[in-house]
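Asker: Next come a sequence and a model predicted from it.
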Amino acid sequence: MDTMNVIINANSVNDSEKSDSIEGFYANNAILLTGATGFVGKGILEKLMRVCPRIAAIFILLRPKKDQTIEQRLRKLIDDPKPNHSEIYDSIRIKHPSVLKKIHPVKGDISLPDLGLSQEDRIMLIENVNILFHAAATVRFNEPLNVAVGVTIY
Ligand SMILES: NC(=O)c1ccc[n+]([C@@H]2O[C@H](COP(=O)([O-])OP(=O)(O)OC[C@H]3O[C@@H](n4cnc5c(N)ncnc54)[C@H](OP(=O)(O)O)[C@@H]3O)[C@@H](O)[C@H]2O)c1
């Protein structure tokens, strides 16, 4: 991610509004979500966009696949026309289409030191993000222990 210009103004929502509702709590905050392509992560992403459209930004940590960049993976996640893929986001597309623009892919791999982040992305996340959802994991329960621990536990 070479150029990322996310403007976050946590002070624009007053404290009482924040404490009164879940939506208010997340308003103008930036979130980092791991595992967004997985079963749990997709649900978290949909819920955040649907219930909290004033979120400033949702950074999703994605690893590139052999034939797909993280940007292509994000597009596939949101737009995949196949049944049972992206229709979870249909109501977002209709009710809160602008929220989709707040999703930013960040290249990383949770099995690597420092999540495999570039220095630039690491600094950007440190400066902007204050809420983290960690849903990335391996759910293969016959995985070698070092792999399972490396991916799942922090
Ligand atoms: N499914 C359930 O009903 C359920 C219920 C309660 C708790 N949980 C827990 O929730 C967590 C996620 O489960 P899930 O069912 O959503 O699993 P899942 O569908 O297999 O999704 C796993 C996610 O983790 C990502 N991931 C795996 N290794 C990664 C790596 N090295 N770097 C970056 N991302 C990586 C995958 O990304 P890729 O697309 O790149 O592979 C995918 O997005 C697990 O800890 C599970 O125990 C699940």
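Answerer: Happy to help now that I have it.
Asker: Could I get the full set of strands for this protein?
Answerer: Assigned by DSSP state E, the strands in the chain fall at 30-34, 57-62, 103-107, 129-134.
Asker: Would you tell me which one of those is buried the most?
Answerer: Comparing those by mean neighbour count (mean count of other CB atoms under 10 Å), strand 57-62 ranks first with a mean of 24. For glycine as for every other residue, the C-beta is placed from the backbone atoms N, C-alpha and C.
Asker: Sheet partners, orientation included, of it?
Answerer: Each strand pairing with strand 57-62, determined using DSSP bridges, is listed with its direction: strand 30-34 (parallel), strand 103-107 (parallel).
Asker: what stretches of the protein score poorly on pLDDT?
Answerer: By pLDDT under 70, the weakly predicted segments of the chain are 1-19, 81-85, 154.
Asker: Close to the ligand: what parts of it are there?
Answerer: Within the chain, the positions adjacent to the ligand are 34-35, 37-41, 61, 63, 109-111, 135-139, 151-152 by CB under 6 Å from any ligand atom.
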